[in-house]
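Following is a predicted model, sequence given first.
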Amino acid sequence: LCLLEEINVSRNSNPIEEYAKYLQKVTSNGVGCDNDTLTNSYLRNAEQMKADGLIFIQLFGCHSVSNCYTMLREKIRRKLEIPTTALTFNKIGENLEQVKTRLGAFMEMFR
């Protein structure tokens, strides 16, 4: 299904290269799943990583992933009880000051 667990995450891997490989595979094969399956994939990964919080990137125009944040946020609240936030933008590098402000406020939850 080309879900997030297919990304190699280890101390010896380069996360940017691994994510690029993942995106190439998704581009070739398609995501091929519904929002429930996709959000469950995020939830499993957050549990496995013992995440303290989750930052969700919402890119306008990417309806296959961006539309699932509300569902994901509710699942995270119910099952993991960790904070989440979403960063929304049209293109990478846009609204940097807003992103810094939102991330700063999010990080305050962990102090």
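Structure received. The model shown is predicted, which means the values in this text are computed figures rather than measured ones.

give me the low-pLDDT residue ranges for this protein?
Along the chain, the model assigns pLDDT under 70 to residues 1-5, 26-33, 61-66.

ok, now with 80
Under the criterion pLDDT under 80, the flagged ranges of the chain are 1-11, 15-16, 19-35, 59-67, 91-93.

Run through the strands of it in chain order.
Ranges of strands in the chain, per DSSP state E, are 54-59, 84-89.

Please identify the buried residues of the first one?
By 16 or more other C-beta atoms under 10 Å, the buried positions in strand 54-59 come out as 54, 56. (Each C-beta comes from the backbone N, C-alpha and C, glycine too.)

Could you chop this protein up by domain?
Residue ranges for each domain of the chain read 1-32, 34-108, as given by automatic domain parsing.

Report the separation between the closest residue to N8 other than its chain neighbours and V9.
Leaving aside its sequence neighbours, N8 sits nearest to E18 (C-beta to C-beta, 6 or more residues apart in numbering; 4.7 Å). E18 is 7 Å from V9, where distance means C-beta to C-beta, to the nearest Å.

F56 too?
17 Å.

for the residue most central in space within the chain, which residues make a bridge with it?
With distances taken as C-alpha atoms, centre = their mean, the residue of the chain nearest its centroid is F56 (4.3 Å). In this entry, F56 is beta-bridged to A86, by DSSP bridges.

Good, we can wrap up now.
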